[in-house]
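*Asks:* predicted model follows, preceded by the sequence.
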Protein chains: 2
Amino acid sequence: MQIQDSSPDEIDSAVLAASQASSAWAQSSAEDRARLLQALADDLQGHRDALVDIADDETSLGPGRLNSELDRTIFQLGGFADHVTAGTAFAASEDAPIAGAPPRGRPHLVRVRVPVGPVAMFSASNFPLAFSVLGGDTASALAAGCPVVVKAHPGHPRLSRYVFEVARSTLGRLEYPQGLLGMVEGAGIDVGVRLVRHPDIAAVAFTGSYRGGIALWEHANSRPRPIPFYGELGSINPVVAMPSALANREEEFAQMLANSMEFGCGQICTSPGVLVLFEDDTADVFESALRDALEAKSLHAMLTPGMKRNFDNGVARLFDTPGVQAVLGSKVVHGDHMLPKPVLAKTSARNFVAQPTLHEEIFGPACLLVRVTSVDEIEDVLRAIGGSLTVTLWGAEAESADAQRITACATRIAGRVLFGGVPTGVSVASSQHHGGPWPASTQPFTTSVGYDAMNRFLRPVTLQSPPAWVLDRKGRPC
Amino acid sequence: MQIQDSSPDEIDSAVLAASQASSAWAQSSAEDRARLLQALADDLQGHRDALVDIADDETSLGPGRLNSELDRTIFQLGGFADHVTAGTAFAASEDAPIAGAPPRGRPHLVRVRVPVGPVAMFSASNFPLAFSVLGGDTASALAAGCPVVVKAHPGHPRLSRYVFEVARSTLGRLEYPQGLLGMVEGAGIDVGVRLVRHPDIAAVAFTGSYRGGIALWEHANSRPRPIPFYGELGSINPVVAMPSALANREEEFAQMLANSMEFGCGQICTSPGVLVLFEDDTADVFESALRDALEAKSLHAMLTPGMKRNFDNGVARLFDTPGVQAVLGSKVVHGDHMLPKPVLAKTSARNFVAQPTLHEEIFGPACLLVRVTSVDEIEDVLRAIGGSLTVTLWGAEAESADAQRITACATRIAGRVLFGGVPTGVSVASSQHHGGPWPASTQPFTTSVGYDAMNRFLRPVTLQSPPAWVLDRKGRPC
């Protein structure tokens, strides 16, 4: 489908409408916000068949995956509705006044959290429902009290428009301002740049490629007034397999990892891109089993021809790197419109550390096996990766000096550390953290999944000696 | 005193020592951290006379102010010790597992907060004790479990070295690693740049000038792996006076504001730089009273000749701006080594909004009176300021449509909104928030004063399906 870039006037109008809706929405009650979020969830449910059909047509992700993704999108909107009603995100912190001179004496201090204002939200290609027009970023911003202007992803324009129309009709039916949700479109970066640089935009949520994310982040930082840019840019998601975990369960772990790599055709922010294995017989058995499991997979098409091209280029770069051996697949480029094939390669820890190109994410179904000979080398590999959404540890269930070391090291580079299982699949929950040190996120102290995602849009403000009427407004002074 | 730049090797050694101390300190117990913080507080107390003498000699701030600042520094170290012991900053968040498929089914999730690693801390010129070597940034980083490398401020090198030696002796006596606190020196930006760009530095805390802060922030962002840069860069701190507040109390408010401007010779991040007044007789009376109160002040010398020069240049720029009238003072430059004189100027709301130079902070005892004719114009003025550590409202104690509007507007641009009083004086407390939208801070969701300052150095990490031994370590998995 042809995308026509939104004109500068259209972009400005969308931001103006958001800006005009901003003050009243910031002061809206929990009930008003929850009602809207729940109605959006219900209306998505009412359009399930059409949504899944259009999404499958535009993304090739398949009805199974898309139905679960829609479940998650609906769950997430409803979850934010519940979370807003529970009120913990808006809880004030209070210090009673103490008479006398400072430092011990102090005035009455009440810290509240106020919505930042209109949020620019960049949809992800790979979650056309759960991280797109009415996905997690939009839900968390609306829940926080901020209108949203969505930059639709050009990979699924019909679906974006459909969801946007559903939302408009929900807003209209319940008599909420249309300015709470705007949408702009563009195939290149220009529309996004204008949006990020608009003086009335107060924060940006972005999920996408490293290159696109960095470019927009730089624009957010070079505005006359820089604003928070919450970007999720890419992640290697190493899995570390201790020999004790794999022994006699090589097939089971191989199948589990192959399924994780297959999920979404590897186009998942938490897809496992590196597997750290010892140099031993167990690992050899596992490697063969993983190769066989992957070889048996028939993958669906990638999201766009451009992503297939990037994947092929990434695989070529991988196989061209000195010291990397192919285990499955080749650097033969199959063409942008061909189905992708799983790729497995291997290298030594020393070579992995020495070759910076191996620390770059390949977005798609590729995994690099890194063979280590010691726990020291595991640490070297994790340190070389540096920042990741997740690290998965197999074999750290029992306490030992080694388990302590790899857990400590994993914790230093990741936002989520898994003790077993696979990194794909991110629960929407209060204690979730989806964001890690650079390049995983531009703001690693914040999460884009789970209810704390609201915190990205609620700025703390301390009210000093507040009069009763301000406190009666229950943390909604503006 | 001559400052010799620390050599690249000296900088690297300081960071290396911090890095080597990092892992054990991250895993240290609350008791260990509290004992160190309290001992540092006690040792500063034991050196009070020498500290105040040297500080006064280097900064001209006077023994009264410096003794209170030392009180605050000691209180703050002890406060962080108590806060660490209370443990709330390290509290984990937990979601019990739920059986079944996602989105409702989920694994066991426990979110903990882990120290980021070595912190580079840039001392402030204007708080030679409370925001210098053992000031709030250092206390909060140590409390969070992070070693600190201080870049001493060249405005008070002897004091910095003295405090650093006190700290070294505390560390030695209690047998803590010396790597927990390092110090480097430099008169220009080069030493700071090397520190910020060092791969082992995990976060930066900075209090200082807009220009120096921006330069270092850009280095933090252009590292191969960008890191959080917590910078406090400058603030206008508008005070809004509603006619109802001033009526019959013009003298009292004028004296209060003059004292606030005089404090630290105006070299305070929360010094009031703009006063918004209506065009009426009450405001005329207030203006005369303020001029008289300021004229009677004898100010002490500014911190450095360079700061005096910047102040004089700022005043000249102010008086050269079209539509600005002098009320007190002139743009005659008195010389870098002369005592400063208070400056008062006035302009209309319309002119203030139209002249961007008027939105720049003048660091020193200067205030611009902005005369408004409506609440709309108050909003225009606050919006033009855009980002500030504080906004002070006089006359919003009773609820009214006007009070609601100015409170809402103040809340949108500031990190702290005061209902009465003056913005100088920032209590060290749990509910304090010292940080506002750009340019007040580079990370407006965080605070550099109060116990939540620790949160800048504690990164959330979710442990998925954590084994019991990890949880037994009480949120200190690394």
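*Replies:* It's in.

*Asks:* how about the residues of the stretch 101-250 of chain A by chain B?
*Replies:* A:101-104, A:106-107, A:109-111, A:114, A:117, A:221, A:225-228 (C-beta under 8 Å from any C-beta of the partner chain). C-betas here are computed from N, CA, C, even on glycine.

*Asks:* strands - which of those land there?
*Replies:* Judged by DSSP state E, these include A:Leu109, A:Val110, A:Arg111, A:Val114 as members of strands.

*Asks:* by neighbours, which of those wins?
*Replies:* Neighbour tally across those (other C-beta atoms under 10 Å in any protein chain shown): the maximum, 25 neighbours, falls on A:Arg111.

*Asks:* the helices in the stretch 251-400 of chain A, which residues?
*Replies:* Shown for the stretch 251-400 of chain A, the helices assigned by DSSP state H, counting those that start in this stretch span residues A:281-295, A:305-320, A:349-354, A:375-385.

*Asks:* please identify the buried residues of the second one?
*Replies:* The neighbour-count check on helix A:305-320 (16 or more other C-beta atoms under 10 Å in any protein chain shown) flags A:Met307, A:Lys308, A:Asn310, A:Phe311, A:Asp312, A:Gly314, A:Val315, A:Leu318, A:Phe319 as buried.

*Asks:* hey, C-alpha coordinates of it in PDB?
*Replies:* In PDB, the C-alpha atoms belonging to helix A:305-320 read as follows (Å, rounded to 0.1, in the frame of the first residue of the first chain):
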ATOM      1  CA  PRO A 305      11.200  -6.800   2.000                       C
ATOM      2  CA  GLY A 306      13.500  -4.200   3.600                       C
ATOM      3  CA  MET A 307      13.800  -6.200   6.700                       C
ATOM      4  CA  LYS A 308      14.600  -9.400   4.700                       C
ATOM      5  CA  ARG A 309      17.300  -7.400   3.000                       C
ATOM      6  CA  ASN A 310      18.700  -6.200   6.300                       C
ATOM      7  CA  PHE A 311      18.600  -9.800   7.600                       C
ATOM      8  CA  ASP A 312      20.400 -11.100   4.600                       C
ATOM      9  CA  ASN A 313      23.000  -8.400   4.900                       C
ATOM     10  CA  GLY A 314      23.500  -9.100   8.600                       C
ATOM     11  CA  VAL A 315      24.000 -12.800   7.900                       C
ATOM     12  CA  ALA A 316      26.500 -12.000   5.200                       C
ATOM     13  CA  ARG A 317      28.400  -9.800   7.600                       C
ATOM     14  CA  LEU A 318      28.300 -12.600  10.200                       C
ATOM     15  CA  PHE A 319      29.700 -15.200   7.800                       C
ATOM     16  CA  ASP A 320      32.300 -12.800   6.500                       C
END
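
*Asks:* contacts for it?
*Replies:* Applying C-beta atoms under 8 Å, 6 or more residues apart in numbering or on different chains, the contact partners of helix A:305-320 are A:125, A:155, A:266-267, A:301-302, A:324, A:326, A:329-331, A:333-338, A:340, A:343, A:345, A:357-358, A:360-366, A:368.

*Asks:* centre of the chain to it, how far?
*Replies:* Distance of helix A:305-320 from the chain centroid (C-alpha atoms, centre = their mean, to the nearest Å) equals 22 Å.

*Asks:* quick one: A:His359 from chain B, how far?
*Replies:* Per C-beta to the nearest C-beta, to the nearest Å, A:His359 is found 10 Å from chain B.

*Asks:* pLDDT on stretch A:294-314, on average?
*Replies:* Averaging pLDDT along stretch A:294-314 yields 95.

*Asks:* and if you look at stretch A:265-278?
*Replies:* Averaged across stretch A:265-278, the pLDDT comes to 97.

*Asks:* returning to that earlier point: pLDDT added to the ones in strands among the residues of the stretch 101-250 of chain A next to chain B, as CSV?
*Replies:* Compiled in CSV, those are given as follows (pLDDT from 0 to 100):
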residue, pLDDT
A:Leu109, 98
A:Val110, 97
A:Arg111, 97
A:Val114, 95
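
*Asks:* report the two of these separated the most.
*Replies:* Pairwise distances across those (C-beta to C-beta) peak at 15.4 Å, for the pair A:Leu109 and A:Val114.

*Asks:* longest helix in chain A, by number of residues?
*Replies:* In chain A, assigned by DSSP state H, the helix with the most residues is helix A:63-86.

*Asks:* and whatever helix or strand comes next after that helix, does that touch chain B?
*Replies:* Later in the chain than helix A:63-86, the nearest helix or strand by DSSP states H and E is strand A:93-95. Yes - using C-beta under 8 Å from any C-beta, strand A:93-95 reaches chain B at A:Ser93, A:Glu94, A:Asp95.

*Asks:* mind putting those residues into CSV with distance to B:Ala18 and neighbour count?
*Replies:* Formatted as CSV, the residues of strand A:93-95 next to chain B follow (distance: C-beta to C-beta, whole Å; neighbours: other C-beta atoms under 10 Å in any protein chain shown):
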residue, distance to B:Ala18, neighbour count
A:Ser93, 31, 18
A:Glu94, 36, 16
A:Asp95, 32, 19
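
*Asks:* and the residue of the stretch 251-400 of chain A closest to chain B?
*Replies:* Residue nearest to chain B within the stretch 251-400 of chain A: A:Glu399 (3.6 Å; C-beta to the nearest C-beta).

*Asks:* do the same with the stretch 151-300 of chain A
*Replies:* A:Arg225 (4.7 Å).

*Asks:* if we can go back for a sec, could you dump the helices of the stretch 251-400 of chain A to a markdown table with distance to A:Gly136?
*Replies:* Converted to a markdown table, the helices of the stretch 251-400 of chain A look like this (distance: least, C-beta to C-beta, whole Å):
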| stretch | distance to A:Gly136 |
| --- | --- |
| helix A:281-295 | 30 |
| helix A:305-320 | 21 |
| helix A:349-354 | 33 |
| helix A:375-385 | 25 |
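
*Asks:* partners of A:Leu368 in the sheet?
*Replies:* With DSSP bridges applied, A:Leu368 shows beta-bridge pairing to A:Val274, A:Ala345.

*Asks:* count of neighbours near it?
*Replies:* Applying other C-beta under 10 Å, we find 23 residues neighbouring A:Leu368.

*Asks:* tell me if I'm right that it and A:Leu275 touch.
*Replies:* Yes - taking C-beta atoms under 8 Å as the definition, A:Leu368 is a contact partner of A:Leu275 at 7.3 Å.

*Asks:* helix, strand, or coil at the closest residue to A:His47 other than its chain neighbours?
*Replies:* The spatial neighbour of A:His47 that comes closest, neighbours along the chain excluded (C-beta to C-beta, 6 or more residues apart in numbering or on different chains), is A:Val166 at 5.6 Å. Secondary structure assignment for A:Val166 (DSSP: H, G, I helix; E, B strand; the rest coil): helix.

*Asks:* thank you kindly, that will do.
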